[in-house]
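Q: quick one: sequence plus predicted model below, questions after.
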Amino acid sequence: MTMSVQHNPLADLFPAQGDIPPAYALPEPVVQEMILIGGELRPWTGPMRTVISPVYLRRGEALEPCEIGRFPEATVAESLAALNAAVAAYDKGRGTWPTMSIAERIACMQDFTRKMIEKRAEVVRLIMWEIGKNLPDAEKEFDRTIDYIKATINAVRDLDNDNSRFVMVEGTIGQIRRTPLGVVLCMGPFNYPLNETFATLIPALIMGNTVVFKTPRWGVLLFTPLIEAFRTSFPKGVINFVYGQGHKVIPPLLNTGVINVLTLIGSSKVADELKKQHPKVNRLRAVLGLDAKNAAIVLPDADLDLAVRECLSGALSFNGQRCTALKMLLVHSSIVDEFLQRFVTALGKLGRGMPWDKGAALTPLPDIGKAQHMHDLVEDALALGARIVNAEGGASCATFFEPAVVYPVKEGMRLYREEQFGPVVPVTPFDTIETALDYVISSEYGQQVSLFSVNPDVIAELVDPLVNQVCRVNLNCQCQRGPDVFPFTGRKDSAEGTLSVTDALRSFSIRSMIAAKQTDDSKKLLDDIVLNHKSKFINTRFVF
Ligand code: G3H
């Protein structure tokens, strides 16, 4: 919908058609008219969903939505076809992919990675246009994903080599390896559509599972340049795409009872609902990254410049749309005024603009409804006695929302407990450490927390109770997921299972073993199998 933006200074942030640097312009809309199912690109002739970019285009005194592509508004029939293809490719564990050696699977993954790297510029451009992520972060998302794939390949190689031997215990010879679980339903989030999706998809694939992949709500077209690489690097049916509205096309997949793993980075509400759709929940493994309301606790003896810097970046990187974002700042009453003043000054200096604009830290939000959601949260707090501390906070224009620093946020306001997932920064004062601790303890979420103090006694006093409430306590730095070799998980409604390069390999596999009595006959039998390379499982090969 075209909107008049007369007298709204924020409208100047949006470009006219001619202002877009040629290197980042989209030459033409990306039209995804095929669905990758069972190794084939099946033509789709049904209804298409139009993708509108967060970047609106300025034309005179108006902003116009910019259509950047279309993808299939597919139905349950196509999602079931994708599932059937994954089931067929797994073939009850006897398919080409689940029975391949690790070395062969690594070769496929390396082939995919090579092809993916060739598409870097296209994918990065689409990340900017589809979800409004700025250029450095979009590039980082791509490069971090490539690093993640390479680290996964190394980890799976180490894992397999560690298991390439027999163990002998109490008269029993065993060989234990990790084996696939079956068919994985993979659902990624819009905020890291490539990286977080691949953080589950890649380990799921390399462990020998077959995958049904539902594209995120926003961030669909960026997979188009990678589809050919998926199709040609893996055996038929190992990866199958599902498009369409999640609430329609996903529950029927779980109803079939043939999905073995649900992996979703999204909301706990959706995860709860989906798990219940499986007729035998005990057969469904769930690997979930869910909601969070990570708090920063800023103590009286904090290095205030450092705390402000970290809290600002922690709260507002990618406009606050990170599950690890700092979504509540608890600041000691003795320093809260000074903190707010410095925070607001630093916020004022952040660059605003389009994703490719140099220095743009704050960019448009992926959906026109998102700014309204931010307004609603702020209005609720204002009605209950809070105020916006920064002069321009809460102003908006189309998809751009000027971050609002809201103070003092109290119990009873939506912002106190709700995950805002956007550019609103709630701040609340506290007098005693117990009050700050209580906030974390009584939360429905348990992902991470950040502590700011230079006093070892204070830090120690807080760390001990907090490590039993969350899964990472960050000292004098913001919350974050990386480095990717660290365990990434959460308590309560924040996660199920653990993701890190090595943990993910475990999450998408199960140990299986052979066992035999430690006798000469067993030794002869196993020797014959190993020396003549008769089994992919029973072997002592070293993967380089
Ligand atoms: O959206 C949640 C992401 O896992 C956060 O990752 O801390 O690397 O931004 P990050």
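A: That came through, no problem.

Q: show me which residues of the stretch 401-544 of the chain sit near the ligand.
A: Residues of the stretch 401-544 of the chain found near the ligand (Cβ under 6 Å from any ligand atom) are Gln480, Arg481, Gly482. The way it works is simple: take the backbone N, C-alpha and C, and place the C-beta from them, glycine included.

Q: the first one: what secondary structure?
A: To tie it back to what came earlier, the one meant is Gln480. coil (DSSP: H, G, I helix; E, B strand; the rest coil).

Q: and the closest residue to it other than its chain neighbours, what is it in contact with?
A: Sequence neighbours aside, Thr324 is the residue nearest to Gln480 in space, at 5.2 Å (criterion: Cβ to Cβ, 6 or more residues apart in numbering). Thr324 makes contacts with Ala292, Asn294, Gln447, Gln448, Gln478, Cys479, Gln480, Arg481, as judged by Cβ atoms under 8 Å, 6 or more residues apart in numbering.

Q: can you tell me the element Thr324 falls in?
A: Applying DSSP states H and E as the criterion places Thr324 outside every helix and strand.

Q: backbone dihedrals for it, both of them.
A: The phi/psi pair for Thr324 (degrees, to the nearest 10) reads phi -90, psi 0.

Q: where do the helices of the stretch 251-400 of the chain begin and end?
A: Ranges of helices in the stretch 251-400 of the chain, per DSSP state H, counting those that start in this stretch, are 251-255, 268-277, 304-316, 336-348, 368-383.

Q: meant to ask about the stretch 401-544 of the chain
A: Using DSSP H, counting those that start in this stretch, helices in the stretch 401-544 of the chain cover 414-417, 433-441, 456-466, 501-507, 520-531.

Q: just those: most buried one?
A: Ranked by mean neighbour count, these are led by helix 501-507 with a mean of 21 (mean count of other Cβ atoms under 10 Å).

Q: tell me the contacts of the closest residue to Leu505 other than its chain neighbours?
A: Distances taken as Cβ to Cβ, 6+ apart place Pro203 nearest to Leu505, at 5.2 Å, with adjacent residues excluded. Residues counted as contacts of Pro203 (Cβ under 8 Å, 6+ apart) are Thr152, Val501, Ala504, Leu505, Ser507, Phe508.

Q: same thing with Cys323?
A: Cys323 makes contact with Pro189, Asn191, Ile265, Gly289, Leu290, Asp291, Ala292, Gln447, Arg481 under the criterion Cβ under 8 Å, 6+ apart.

Q: closest one to the ligand out of these, please.
A: Nearest to the ligand among the contacts of Cys323, counting by Cβ to the nearest ligand atom, is Arg481 at 3.6 Å.

Q: mind listing what that closest one touches?
A: Arg481 touches Cys323, Thr324, Phe488, counting by Cβ under 8 Å, 6+ apart.

Q: and the first one, how far from Glu73?
A: For Cys323, the distance to Glu73 under the criterion Cβ to Cβ, to the nearest Å works out to 28 Å.

Q: show me which residues of the stretch 251-400 of the chain sit near the ligand.
A: So the stretch 251-400 of the chain meets the ligand at Arg322, Cys323, Thr324 (Cβ under 6 Å from any ligand atom).

Q: give me the residue from the stretch 1-150 of the chain nearest the ligand.
A: Arg144 (7.9 Å).

Q: Asn195 is in contact with that residue, correct?
A: Yes - Arg144 lies in contact with Asn195 (Cβ atoms under 8 Å); the separation is 5.7 Å.

Q: list the contacts of Thr200.
A: Contacts of Thr200 (Cβ under 8 Å, 6+ apart): Val184, Cys186, Gly188, Thr263, Ile265, Val287, Leu499, Ala504, Phe508.

Q: repeat that for Val258.
A: Val258 neighbours (Cβ under 8 Å, 6+ apart): Leu83, Val87, Gly182, Val183.

Q: adding pLDDT and neighbour count, write the residues you listed out as CSV.
A: CSV is the format used below for the contacts of Val258 (pLDDT from 0 to 100; neighbours: other Cβ atoms under 10 Å):
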residue, pLDDT, neighbour count
Leu83, 98, 23
Val87, 99, 20
Gly182, 98, 20
Val183, 98, 25
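
Q: from these, which is closest to Gly60?
A: Leu83 (49.1 Å; Cβ to Cβ).

Q: that closest one belongs to a strand?
A: No - Leu83 is assigned helix when assessed by three-state DSSP, not a strand.

Q: I figured it hits Leu254, correct?
A: No - between Leu83 and Leu254 there is no contact, the gap being 9.7 Å when judged by Cβ under 8 Å.

Q: ok, back up a step: the more surrounded of Arg144 and Asn195?
A: Asn195 (23 against 20; other Cβ atoms under 10 Å).

Q: how far does stretch 235-252 stretch from one end to the other?
A: End-to-end distance for stretch 235-252: 25 Å, by Cα to Cα, to the nearest Å.

Q: buried residues in that stretch, which are they?
A: 236-244, 246, 249-251 (16 or more other Cβ atoms under 10 Å).

Q: sitting in helices, which of the residues you listed do you find?
A: Counting by DSSP state H, those place Gly246, Val249, Pro251 in helices.

Q: tell me the one among those nearest to the ligand.
A: Gly246 (17.6 Å).

Q: quick one: the residue nearest to that closest one when sequence neighbours are not counted and Thr256, what's the gap?
A: Nearest residue to Gly246, sequence neighbours excluded (Cβ to Cβ, 6+ apart): Lys214, at 6.3 Å. Distance of Lys214 to Thr256, given as Cβ to Cβ: 15 Å.

Q: look at the two and report which has more neighbours.
A: Just comparing Lys214 and Thr256: by other Cβ under 10 Å the higher neighbour count belongs to Lys214, 22 against 15.

Q: hang on, isn't the more buried one packed against Leu185?
A: Yes - Lys214 is in contact with Leu185 according to Cβ under 8 Å; the separation is 7.1 Å.

Q: what is in contact with those two at once?
A: Ile250.

Q: ramachandran angles for the closest residue to the ligand within the stretch 251-400 of the chain?
A: Closest contact between the stretch 251-400 of the chain and the ligand, by Cβ to the nearest ligand atom, is at Cys323 (3.1 Å). In terms of degrees, to the nearest 10, the main-chain angles of Cys323 are phi -60, psi -30.

Q: please report the distance of it from Ile202.
A: According to Cβ to Cβ, Cys323 stands 19 Å off from Ile202.

Q: who's the closest residue to Tyr56 other than its chain neighbours bridged to?
A: Excluding its sequence neighbours, the residue lying closest to Tyr56 (Cβ to Cβ, 6+ apart) is Leu63, at 4.1 Å. Listed beta-bridge partners, Leu63: Met3, Arg58 (assigned using DSSP bridges).

Q: can I see the domain layout of this structure?
A: The record's domain parsing of the chain by automatic domain parsing lists 75-289, 294-484.

Q: tabulate the ones you listed (a markdown table), appending distance to Thr50.
A: Shown next, in a markdown table, are those (distance: least, Cβ to Cβ, whole Å):
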| stretch | distance to Thr50 |
| --- | --- |
| domain 75-289 | 11 |
| domain 294-484 | 13 |
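
Q: the residue nearest the centre of the chain: what's its closest spatial neighbour, skipping adjacent residues?
A: Closest to where the C-alpha atoms of the chain average out (Cα atoms, centre = their mean) is Glu196, at 3.2 Å. Nearest residue to Glu196 in three dimensions, chain neighbours excluded: Ile265, at 4.8 Å (Cβ to Cβ, 6+ apart).

Q: what's near enough to touch the residue lying closest to Val467 once chain neighbours are set aside?
A: In this structure, Val467 finds its nearest non-sequential neighbour in Val473, 5.8 Å apart by Cβ to Cβ, 6+ apart. Applying Cβ under 8 Å, 6+ apart to Val473 gives the contacts Gln448, Val449, Ser450, Leu451, Leu462, Val463, Leu466, Val467.
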